[in-house]
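**Q** the following comprises the amino acid sequence and a computationally predicted model.
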Amino acid sequence: MGSPAPSPERHGQDDSPKGPEEPSHAARVTIEKADLQVALEVPAAQTGGFLRTLVVVVAAVGAALGPVLTLSALPSGFPAWGGVAVVAGQLVVAVVAIEVARRGGQGQSDGGR
């Protein structure tokens, strides 16, 4: 009584995108800057974890390089307390960014811990 309908399963299909506007089952992350282009394709279910990891890495690099670059850029007459305050502010921002990324950015309270 007729042939069965084709199965909606995707076995054997190529999921690699043909272009930036082609739909796929993977999430694409592209970072471009001048002569550098990095493209990464991850399963859609893993994108959140990847982006949280990326935020932690960027914040950690910023926490390490930010104070060094700030101290080297300060003019010679800048007050010491001002330099310490700027560096402390940079470190607080980096720690907050890492903590938000580590918790998943869900804004949930830790219950007063």
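**A** Received the coordinates, thanks.
**Q** show me where pLDDT drops low in the chain?
**A** 1-24, 104-113 (pLDDT under 70).
**Q** need the strands for it, in chain order.
**A** 26-33, 36-43 (DSSP state E).
**Q** now tabulate the ones you listed in CSV and tack on distance to residue 65 and mean neighbour count.
**A** (Glycine included, C-beta is placed from N, CA and C.) Formatted as CSV, the strands of the chain follow (distance: least, CB to CB, whole Å; neighbours: other CB atoms under 10 Å):
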stretch, distance to residue 65, mean neighbour count
strand 26-33, 16, 12
strand 36-43, 17, 11
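**Q** can you add distance to residue 83 and give those strands back as JSON lines?
**A** Output for those, formatted as JSON lines (distance: least, CB to CB, whole Å):
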{"stretch": "strand 26-33", "distance to residue 83": "29"}
{"stretch": "strand 36-43", "distance to residue 83": "32"}
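**Q** quick one: closest of the ones you listed to residue 56.
**A** Counting by CB to CB, residue 56 lies closest to strand 26-33 out of the strands of the chain; the figure is 15.0 Å.
**Q** which one of the strands of the chain lies closest to residue 50?
**A** Among the strands of the chain, the nearest to residue 50 by CB to CB is strand 36-43 (5.2 Å).
**Q** how big is the angle separating that closest one from strand 26-33?
**A** 170 degrees (axes from the mean of the first three to the mean of the last three CA atoms, to 10 degrees).
**Q** can you list the strands that strand 36-43 pairs with?
**A** strand 26-33 (antiparallel) (DSSP bridges).
**Q** could the C-alpha coordinates of the strand it pairs with be exported in CSV?
**A** Output in CSV follows, covering the C-alpha atoms of strand 26-33 (Å, rounded to 0.1, in the frame of the first residue of the first chain):
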residue,chain,number,x,y,z
ALA,A,26,26.2,23.3,15.5
ALA,A,27,27.0,26.7,16.9
ARG,A,28,29.7,28.7,15.1
VAL,A,29,31.9,31.1,17.0
THR,A,30,34.1,33.4,15.0
ILE,A,31,36.6,35.9,16.4
GLU,A,32,38.1,38.3,13.8
LYS,A,33,40.8,40.9,14.4
